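K.L.:
no FASTA, just this:
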């Protein structure tokens, strides 16, 4: 199963395309406002409004053999802890080996932003190269899961 943290996710269509090629089910989880897919492998999950409701729903279900697509670092940490594989929108995998550093960097950047309320921007835009890296990484991840599953 692939769980997509769908609010503000720029790779929903790419995820669906790769999942369909592999015959893998996808849960697209959001607070609403996402156009439903006609694909029978794709389930649209609408969670109640509220902070982190989609994250909680995904974290409670994702485990070994699953993939979580998210840019949310705390959700990624919970999913990795639960045994799921995690992929950021730019194709960067988050694993037990790197999630600690990623969390620490996220917290440091939050502190820096809080210390300077006039700081603008800082994030880079999502590019075609990011999309391509994501497609390649998801393909490789699904192939690895198939090889490892008896």
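P.N.:
Right, received. Where do you want to start? Keep in mind the model is a prediction, meaning the values are calculated, not measured.

K.L.:
When you work out contacts or count neighbours from here on, use the C-alpha atoms and nothing else.
P.N.:
OK.

K.L.:
Tell me where the chain has strands.
P.N.:
2-5, 26-30, 42-46, 67-69, 85-87, 93-94 (DSSP state E).

K.L.:
List the strands paired with the first one, with their directions.
P.N.:
Based on DSSP bridges, the strands next to strand 2-5 in the sheet, each with its direction, are strand 26-30 (parallel), strand 67-69 (parallel).

K.L.:
do the shortest one as well
P.N.:
Sheet partners assigned to strand 93-94 using DSSP bridges are listed as strand 85-87 (antiparallel).

K.L.:
contact partners of the strand it pairs with?
P.N.:
64-70, 76, 79-80, 93-95, 134, 137-138 (CA atoms under 8 Å, 6 or more residues apart in numbering).

K.L.:
let's go with 6 Å and repeat that
P.N.:
67-69, 93-94 (CA atoms under 6 Å, 6 or more residues apart in numbering).

K.L.:
What is the nearest of those residues to residue 145?
P.N.:
Closest approach between the contacts of strand 85-87 and residue 145, by CA to CA: residue 67, at 9.2 Å.

K.L.:
partner residues bridging that closest one?
P.N.:
Beta bridges link residue 67 to residue 2, residue 85, judged by DSSP bridges.

K.L.:
Enumerate the beta-bridge partners assigned to residue 29.
P.N.:
residue 5, residue 45.

K.L.:
how far away is it from residue 115?
P.N.:
33 Å (CA to CA, to the nearest Å).

K.L.:
where does residue 44 land on pLDDT?
P.N.:
The model reports residue 44 with a pLDDT of 95.

K.L.:
got it, and residue 101?
P.N.:
Looking at residue 101, its pLDDT stands at 71.

K.L.:
one step back: looking at the strands of the chain, which is closest to residue 128?
P.N.:
Here strand 85-87 is closest among the strands of the chain (CA to CA), at 16.6 Å.

K.L.:
where along the protein do the helices fall?
P.N.:
For the chain, the helices defined by DSSP state H occupy 12-22, 53-61, 73-81, 99-115, 128-148.

K.L.:
No more questions from me, cheers.
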